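J.: output the structure for:
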Amino acid sequence: MKPARDGMKRHSGAVDVLIVGAGAGGSTLAKELAEGGMSVVVLEAGPWLDTVEDFVNDELSMLGLVDWDELRISNGSDPLALGRINTGRGVGGSTTHFTAVKLRFHSEDFRLRSAEGVASDWPIDLDDLAPFYRQAEDFVGVSGPRSYPWGGRADGYDQGELSMSASDEKIAAGFEKLGMRWCMAPHAVLTAPMDGRSSCMNYGFCSNGCKSDAKGSALVTWIPAAVRAGAEIRDNAFVTRIDVDDHGFARGATYLHEGREHEQRARIVIVACYSIETPRLLLNSRCGLFPDGLCNSSGQVGRNLMVHPAAEVFGRFDEPLDSFLTPPVGILSEDPYGTQPGRDFVRGYVVNRYAHLPIDFITTLVRNNPDLWGERLFEVMDEYTHWGVLATMNEMLPRGTNAVTLDEEKDCNGVPVARVTMSYDDNDRRMLDASERHCEAIMQAAGATRTLHARSAVHVLGTCRMGSDPKTSVVDPWCRAHDVPNLYICDGSVFVTASAVNPSLTIEALALRTARQILRGRTGES
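T.: Next up is the predicted model:
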């Protein structure tokens, strides 16, 4: 799909809304607010790519194309690998290379403190987000099963589910032998043409960028609609600070474009840079009125960083599997979700069939298995098509010591970089161990003759949590900053808890809900 910039409206002077970041949250807000009649400018630090010209079905060529590859400092006892696995840079954000799985939170995910005495409660619940979940699913086009065993969309999805691969068939047999329910994951991947986008071609390159536009990234869904409605997207515009006036209101942002500094003024400012760059920007925007960073009177900006720790088990089968001719995630089971009796950890995980492209496959194994080298390594490489993968997405509970702060090191623009601190606790480790054993058992039940293991962490969440109390949170239930009345934060950073599901659908739902509230305020509705 050609970028929607041709014929795009250009705004001069102050606008109604300035959005920083063109990922899942920012793109959704841009579309909704522009359609609501507001003048909107979006500043995005990365490039605006063309899925036809820039995306190629070649893994090596795509490495680094859509990554946030500038300097960050990672520390803690379990330092994160920072890059494509959890962040993006460019119009569409990390949705350009996400796996496109669209799962909803469970009702209990919003009230862990009340129900289980752990973490904190959200100030909203599933009923508040349900209509916006549906709106987002309908807009991007979600394919999925007619009946989803763990709740969610009761009447099925508009697009039929993706077809099963040979690897899915194998894993399904393992699930069934262990008495587990399973189904094809809901995906923002079309199985029938929609709005000028084609159905899935099974290229298998979702995690590198979809060339056919079947995958519903923000780049080919929310962004074109936003531009049609009159929003302006400015790419390669790196925001260095949010500017405030003498009364403590946001007046706009200062940004760099082609080496020159610019200011864009707006009546409302929305930060949607995700869970590392959002707190970095707020902390770098400290000033006389906000000496500890913008929106940080609670001291919570940057705190309570969460990820989804993941265990992977690679299983070798006698016959070849077409793992790479399919989107990365296939069938899944939510049976291990949430806290369950008889386990030595609280909360739980989702387990799904996964597929690595060849370079990612071998680098993941080598990074996690230092004894895999020489002849043994070549043997595994030669039998790439015989290996299937099971992966888990584990829920991490928030802790203030896992955080994004500012480092003394500065980037090429002279802006202090993010220091990302991550350490697992005993609950995280016990869950990882248990989920790994679970995957091993499924692989053996499926008939794998050999297994290898790996671990990683996907997604980044939290750091500007939502809450009703300004003393313990950064934004209110509508994503408006407690400290700055005309500033909103709307991305994965506002998550109070992480759940054990992919976050993009919830980010889009929150953005739709926030946009509705902003538009209501504009028209004087209650």
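
J.: where does pLDDT dip in the stretch 401-526 of the chain?
T.: 523-526 (pLDDT under 70).

J.: which parts of it are strands?
T.: With strands called from DSSP state E, counting those that start in this stretch, the stretch 401-526 of the chain shows them at 403-410, 416-421, 450-463, 487-489.

J.: could I get the buried residue list for the longest one?
T.: Burial within strand 450-463, assessed by neighbour count using 16 or more other CB atoms under 10 Å, is assigned to 452, 454-463. C-beta coordinates here come from the backbone N, C-alpha and C atoms, glycine included.

J.: can you tell me which of these is nearest residue 45?
T.: residue 460 (16.1 Å; CB to CB).

J.: give me the beta-bridge partners of that closest one?
T.: Judged by DSSP bridges, the bridge partners of residue 460 are residue 307.

J.: that one touches residue 276, doesn't it?
T.: Yes. Assessed by CB atoms under 8 Å, residue 460 is found in contact with residue 276 at 5.8 Å.

J.: overlap in contacts, these two.
T.: residue 87 (CB atoms under 8 Å, 6 or more residues apart in numbering).

J.: wait, residue 321 sits on residue 386?
T.: Yes. Between residue 321 and residue 386 there is a contact under CB under 8 Å: 6.7 Å.

J.: who has more neighbours, these two?
T.: Using other CB atoms under 10 Å as the criterion, residue 321 and residue 386 rank with residue 321 on top: 25 against 18.

J.: what's near enough to touch that one?
T.: Neighbours of residue 321 in contact, by CB under 8 Å, 6+ apart: 165-167, 170, 385-388.

J.: now tabulate these in a markdown table and tack on pLDDT, secondary structure and distance to residue 107.
T.: Supplementary listing: these in a markdown table, determined by pLDDT from 0 to 100; DSSP: H, G, I helix; E, B strand; the rest coil; distance: CB to CB, whole Å:
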| residue | pLDDT | secondary structure | distance to residue 107 |
| --- | --- | --- | --- |
| 165 | 93 | coil | 32 |
| 166 | 93 | helix | 36 |
| 167 | 95 | helix | 32 |
| 170 | 95 | helix | 33 |
| 385 | 94 | helix | 41 |
| 386 | 96 | helix | 41 |
| 387 | 96 | strand | 37 |
| 388 | 96 | strand | 33 |
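
J.: which parts of the protein are helices?
T.: 24-35, 59-62, 112-116, 126-140, 166-177, 222-228, 274-284, 358-368, 374-382, 426-446, 504-523 (DSSP state H).

J.: re earlier: of all the strands of the stretch 401-526 of the chain, which lies closest to residue 304?
T.: Of these, nearest to residue 304 by CB to CB is strand 450-463, at 4.3 Å.

J.: any low-confidence regions in this structure?
T.: 1-4, 64, 66-69, 323, 523-526.

J.: recalculate using a threshold of 80.
T.: 1-6, 63-70, 83-86, 322-325, 522-526 (pLDDT under 80).

J.: could I get the strands of the stretch 401-526 of the chain as a markdown table with distance to residue 248?
T.: Converted to a markdown table, those look like this (distance: least, CB to CB, whole Å):
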| stretch | distance to residue 248 |
| --- | --- |
| strand 403-410 | 22 |
| strand 416-421 | 23 |
| strand 450-463 | 22 |
| strand 487-489 | 10 |
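
J.: looking at those strands, spot the one closest to residue 221.
T.: Going by CB to CB, the one of the strands of the stretch 401-526 of the chain nearest residue 221 is strand 450-463, 19.8 Å.

J.: could you check the angle helix 358-368 makes with the closest one?
T.: Following axes from the mean of the first three to the mean of the last three CA atoms, to 10 degrees, one obtains 90 degrees for the angle between strand 450-463 and helix 358-368.

J.: i'd like the first residue to be 15 from this point on
T.: New numbering, starting at 15: the last item is strand 464-477.

J.: packing partners for strand 464-477?
T.: helix 288-298, strand 317-330, helix 372-382, helix 440-460 (3 or more CB pairs under 8 Å, 6 or more residues apart in numbering; DSSP states H and E).

J.: what's the angle between that strand and helix 518-537?
T.: Using the same axes, to 10 degrees: strand 464-477 against helix 518-537 is 20 degrees.

J.: what angle do helix 440-460 and strand 464-477 make with each other?
T.: 140 degrees.

J.: with just CA atoms, put strand 464-477 into CSV.
T.: Only the C-alpha atoms of strand 464-477 are listed here, as CSV (Å, rounded to 0.1, in the frame of the first residue of the first chain):
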residue,chain,number,x,y,z
ARG,A,464,14.3,-33.9,20.6
THR,A,465,13.8,-30.5,22.3
LEU,A,466,15.8,-27.4,22.8
HIS,A,467,14.8,-24.4,25.1
ALA,A,468,15.0,-20.7,24.9
ARG,A,469,13.8,-17.7,26.9
SER,A,470,13.0,-14.1,26.1
ALA,A,471,10.8,-11.2,27.0
VAL,A,472,8.3,-9.6,24.7
HIS,A,473,6.3,-6.3,24.9
VAL,A,474,7.0,-3.4,27.4
LEU,A,475,4.1,-2.1,29.5
GLY,A,476,3.5,0.2,32.4
THR,A,477,5.6,3.2,33.5
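
J.: pick the most buried one from the helices and strands packed on strand 464-477.
T.: helix 288-298 (a mean of 27; mean count of other CB atoms under 10 Å).

J.: pretty sure residue 150 sits against residue 529.
T.: No. Residue 150 lies out of contact with residue 529 (CB under 8 Å); the separation is 11.5 Å.

J.: overlap in contacts of the two?
T.: Joint contacts of residue 150 and residue 529 (CB under 8 Å, 6+ apart) are residue 42.

J.: do you know which of the helices of the chain lies nearest residue 220?
T.: helix 73-76 (11.1 Å).

J.: same question for the closest one: list its buried residues.
T.: For helix 73-76, by 16+ other CB under 10 Å, it's 73, 76.

J.: who's residue 418 bridged to?
T.: residue 434.

J.: quick one on the thing from earlier: of the contacts of residue 335, closest to residue 91?
T.: residue 401 (30.3 Å).

J.: for the residue lying closest to residue 365 once chain neighbours are set aside, give its distance to residue 183.
T.: The shortest distance from residue 365 to any non-neighbouring residue, by CB to CB, 6 or more residues apart in numbering, is to residue 406 (5.0 Å). Going from residue 406 to residue 183 by CB to CB, to the nearest Å gives 20 Å.

J.: tabulate the helices and strands packed on strand 464-477 in CSV, adding columns for distance to residue 189.
T.: Shown next, in CSV, are those (distance: least, CB to CB, whole Å):
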stretch, distance to residue 189
helix 288-298, 32
strand 317-330, 13
helix 372-382, 22
helix 440-460, 6
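
J.: among the strands of the stretch 415-540 of the chain, which is nearest residue 20?
T.: strand 501-503 (29.5 Å).

J.: from the chain's centre, how far out does the closest one sit?
T.: Taking CA atoms, centre = their mean, to the nearest Å, the mean C-alpha location of strand 501-503 is offset from the chain mean by 19 Å.

J.: by contact count, what packs against it?
T.: Against strand 501-503 (3+ CB pairs under 8 Å, 6+ apart) you get strand 274-285.

J.: ok now the strand it packs on, how far from the chain's centre?
T.: Counting by CA atoms, centre = their mean, strand 274-285 comes out at 25 Å from the chain centroid.

J.: thanks a lot, see you next time.
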